[in-house]
Structures are given as C-alpha cells and as structure tokens.
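Colleague: only geometry, no sequence info:
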C-alpha cells in the first residue's frame, strides 16, 4: 500500500514538471520517512550522496561528457558527413546512408543523442535538401541517426545503466558495438529501400574524384583513431573505462586545440568545461535519486514481492520479456530515456536476474528500445530538435521517421532472438 502511494506521488511530481532526480529523491525520502521515521530518512540522505558521487566508475561520465564537448566544438561532424557523402553519394539514397554513418561515427565520440541529432540537423540535413531529398525522408533519417549516440560507446546511457544495474561498465560499453553496427545498417538499409521505392525522393548527388575522397578520409583519421583508442583500450583491458574516458577527454582536447587554434579562447574552454560539469551534476542527482528510491523499495520488500509474483505466473519467461519491451516502448512515448532507465532498472534488474536473463544483454536491448522513444510522439525529443534546427514542421519529421521505427522493432526482435550476437564481444574481452 505504501509503495503504491509513493509511486503514484512520483508520477504526479513528474507530471507536474519536477526534474526526475529531485522527484526520485523527494518521493523516496518520504517513503523512507513513512517506514522508518526521521532518523532512517536522515541517515540515508546523509550517507548516500557521498556514496553515489564517490563511485570510481561514475568518473567516466564527466570525462566522456568533456570529450563530447570538445568534439562538438572541434567541427569534425562536417568532415564526417562530407567523407561519407563523397564515398556513398552515388548510391541510391547515398546521402541518407552517409547521414547514418556520420551519426554512428559522431555517436562513437559524443554519447549524447540530442547533441548528435542537432549536429546532424545542421550539417547533413541542409546537404540532403540541397540535392532535392524529400524533407520527410531527410529529417527522418537525421532524427533516427542521432539516437545511435545512446548505443555506440562511449555512451552515457550505458554507463548510467551499468551503475544502476551493478554490472561491469566495460562490458556494457563493449556490448554496444555489434548492436550499434546492426542498428546503423538497419537505418542505412531502410534509407536504401525508401529511395529505391521513390527515387525522386532521394536523387543522386555529385561524383567525387578518388583523390578528394582520400583527402576527406585523412581529415577524419584523428577522430577515428580517438574512437578506436578509447574503445580498444577498454576491450583489451589496457585501461579501465574510467581511465579510458580520461584519455579520451585529453585526446579530444588536443583535437579541439589543433583544429581551433586560431580562434580558441579561455572563455570558450571555460564554457566547454562548464557545460560538461553541469550535465555531470544533473546525472549525479539522477543516480542519487535512483539509489534513494531503490532503498525505499528494498525497505518495503516491493522488489521481492514482484519477483515472487512473476515467478508464480505460469508463462514462459520470454513472454514476460516481450511484455516488458512493449511497456518500455509505451513509456518512451511519454518519458525521457534517462527517466526510463532510473525508474525501471532498479526494479527490473533483480527480477530479470531471478529469471536467468543476462543483465548486460538486457541493458543493450533496453537502450535500443529507449532509442525508439526518442523519435515517437508525443515526446520524441530528437524529432523536436531536428524540427527546430531545420525549420521543418514536427509532424513531417515524425512521418519521416516512422519507417525507421518499424525497422528498429525488427532489429530489437533480432537481438531478442540471438542474445549471443550482443554478448559476443563482451564475452571475448
């Protein structure tokens, strides 16, 4: 009864517009006060902030965010798209395929879906519209390509999930590589099919001589090396994810300085560090709130009761998994993806462990499913970002992304059917 009231209060506060981190702290603290009184509440609130913030693995978040900020300001996104467009522009739907590849490459050094969508909207979208691409098709591929940043390492969502589910951060990050390739190919294939069905919606772009193609590859080589160094160091075990994030931030800083040395100022560097710090503090509060709320759930034994109830159901565990995916898809239509993680993972992690599912594999499936929420109405944050930057009606962006939503559901089904595909790289670390 107490848990039901507190959960309802939490949703009321979220609906009222309170930030998710403070919502979890307020509702969780009230629940603890209800059960254990003021001494229990104050004891947990006094110790848990230090315990959450002092986690060694948490340091990867501000470092990856700083890396992303340096990369965003260095202007490599233009080179990424230009290189992909030069090589694939003469393929049917080539600029859309180039956008998917640029989104994957940018996601591998950014980690923020909205930032990736905004960058692609200001770089690749104008080029597609210039060559006569249908605005729905062009905006749709930009919106969906931005979501790759949630999946391809270094992904902030992956790190947050690992901290909440208490699994290896390194395995979570590496587990995103193969599914990231799968989802990128899914986007590219969807663009190709759409362009083949309606060639007038995706005209061929100009041809580039081989010399120019190779020159563009040389421009993006430092960024590709940065991506490979960070991911490779984690995969081989040379560094921990936290150490790799620090190396990545330092290397991204050097890349930024080398490309912007003429107009770099202390004020701009300060602004970059400040943005990364503010986002890190926001995520720290969200993780703290999740821990407070999880403690309340543990005190009420709600998780144990849910596990017992599900265990008593006379259905196959895969039926339950499919139902969970459907629920997450529905939540994605109304909630922010980070909110979905912090609200569902503390409850689902012990439940899925009791059912014999691998939490690293489920984390990848959960994040890919949450990606769909970034492009589905009414929230669809990436669609609103693309609409704002490109000045295209939001309805057109949602229509343009619809074929990619169906394709993503097929990709999720593949990951459900073949868990070994997701776990192949982590198991060989």
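Modeller: Sure, I can see it. A quick note: this is a predicted structure, and the numbers were derived from the prediction, not measured. Numbering: from 1, shown residues only.
Colleague: name the helices or strands packed onto the host helix or strand of residue 422?
Modeller: Assessed by DSSP states H and E, residue 422 sits inside helix 419-427. Applying 3 or more CB pairs under 8 Å, 6 or more residues apart in numbering; DSSP states H and E, we find helix 419-427 packed against helix 169-175, helix 177-197, helix 359-373, helix 394-417. Every residue, glycine included, has its C-beta placed from N, CA and C.
Colleague: in the stretch 151-300 of the chain, what spans have low per-residue confidence?
Modeller: 260-263 (pLDDT under 70).
Colleague: one more time with 90, if that's ok
Modeller: Along the stretch 151-300 of the chain, the parts satisfying pLDDT under 90 run over 151-160, 163-166, 168-170, 173, 195-273, 275-300.
Colleague: quick one, helices of it?
Modeller: Along the stretch 151-300 of the chain, the stretches classed as helices by DSSP state H, counting those that start in this stretch are 156-165, 169-175, 177-197, 210-236, 241-259, 266-300.
Colleague: circling back to that earlier point, nearest to residue 233, of the helices and strands packed on helix 419-427?
Modeller: helix 169-175 (9.9 Å; CB to CB).
Colleague: Out of the helices of the stretch 151-300 of the chain, flag the one nearest residue 7.
Modeller: Of those, nearest to residue 7 by CB to CB is helix 266-300, at 9.3 Å.
Colleague: starting at the chain centroid, how far to that closest one?
Modeller: 16 Å (CA atoms, centre = their mean, to the nearest Å).
Colleague: ok and it relative to helix 156-165, angle-wise?
Modeller: 30 degrees (axes from the mean of the first three to the mean of the last three CA atoms, to 10 degrees).
Colleague: Spatially central residue in the chain, please.
Modeller: For the chain, residue 150 is the residue whose C-alpha lies nearest the centre (CA atoms, centre = their mean; 1.6 Å).
Colleague: Contacts only, for that residue.
Modeller: 107, 113, 157-158, 337, 367, 370-371, 374 (CB atoms under 8 Å, 6 or more residues apart in numbering).
Colleague: one more time with 6 Å, if that's ok
Modeller: Residues near residue 150 by CB atoms under 6 Å, 6 or more residues apart in numbering: 113, 157, 367, 371.
Colleague: circling back to that earlier point, what's the closest of the helices of the stretch 151-300 of the chain to residue 401?
Modeller: helix 177-197 (10.1 Å).
Colleague: Could you count how many residues lie near residue 108?
Modeller: Per other CB atoms under 10 Å, the neighbour tally for residue 108 reads 26.
Colleague: Same question for residue 60.
Modeller: Residue 60: 29 neighbours (other CB under 10 Å).
Colleague: Pretty sure it sits against residue 158.
Modeller: No: in this structure residue 60 lies outside contact range of residue 158 using CB atoms under 6 Å: 9.8 Å.
Colleague: related to what we said a few turns ago, any chance of the helices and strands packed on helix 419-427 in TSV, plus distance to residue 233 and mean neighbour count?
Modeller: Converted to TSV, these look like this (distance: least, CB to CB, whole Å; neighbours: other CB atoms under 10 Å):
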stretch	distance to residue 233	mean neighbour count
helix 169-175	10	25
helix 177-197	14	20
helix 359-373	19	24
helix 394-417	26	18
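Colleague: quick one, which of these is nearest to residue 204?
Modeller: Once the helices and strands packed on helix 419-427 are compared by CB to CB, helix 177-197 is nearest, at 9.5 Å.
Colleague: From residue 59, how far out is the residue nearest to the centre of the chain?
Modeller: Separation of residue 150 from residue 59 (CB to CB, to the nearest Å): 20 Å.
Colleague: Check residue 214 too.
Modeller: For residue 214, the distance to residue 59 - CB to CB - is 39 Å.
Colleague: Which one of those two is surrounded by more residues?
Modeller: The neighbour comparison of residue 214 against residue 59 (other CB under 10 Å) goes to residue 59, with 19 against 12.
Colleague: For residue 282, see how far away residue 50 is.
Modeller: Taking CB to CB, one finds residue 50 at 18 Å from residue 282.
Colleague: higher neighbour count, those two?
Modeller: Neighbours were counted for residue 50 and for residue 282 using other CB under 10 Å; residue 282 has more, 14 against 9.
Colleague: any idea how far that one is from residue 288?
Modeller: With CB to CB as the criterion, residue 282 and residue 288 are 11 Å apart.
Colleague: can you tell which of the helices and strands packed on helix 419-427 is closest to residue 124?
Modeller: Of all the helices and strands packed on helix 419-427, helix 177-197 comes closest under CB to CB, at 11.8 Å.
Colleague: Put together CSV for the helices of the stretch 151-300 of the chain, with distance to residue 342 on each row.
Modeller: Below are these laid out as CSV (distance: least, CB to CB, whole Å):
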stretch, distance to residue 342
helix 156-165, 6
helix 169-175, 15
helix 177-197, 22
helix 210-236, 24
helix 241-259, 20
helix 266-300, 4
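Colleague: nearest to residue 135, of these?
Modeller: Across those, closest to residue 135 is helix 177-197 (CB to CB), at 13.3 Å.
Colleague: Next, the angle from that closest one to helix 419-427.
Modeller: 130 degrees.
Colleague: Report the angle between whatever helix or strand residue 64 lives in and helix 156-165.
Modeller: Counting by DSSP H and E, the element that carries residue 64 is helix 60-74. Interaxial angle of helix 60-74 relative to helix 156-165 (the same axes, to 10 degrees): 170 degrees.
Colleague: please begin residue numbering at 15 from this point
Modeller: Got it, first residue is 15 now, which makes that one helix 74-88.
Colleague: same for helix 74-88, what does it pack against?
Modeller: The elements that helix 74-88 packs onto, with contact taken as 3 or more CB pairs under 6 Å, 6 or more residues apart in numbering; DSSP states H and E, are helix 255-273, helix 280-314.
Colleague: Give me the buried positions along the shortest one.
Modeller: Of the residues in helix 255-273, those with enough neighbours to count as buried (16 or more other CB atoms under 10 Å) are 255-263, 265-267, 269-270, 273.
Colleague: got it, and stretch 358-378?
Modeller: For stretch 358-378, using 16+ other CB under 10 Å, the buried residues are 358-366, 368, 371-378.
Colleague: Show the average pLDDT along the helix holding residue 436.
Modeller: The average pLDDT within helix 433-441 is 91.
Colleague: between it and helix 373-387, how big is the angle?
Modeller: 120 degrees.
Colleague: And the contacts of helix 433-441?
Modeller: 185, 188-189, 191-193, 374-375, 378, 429.
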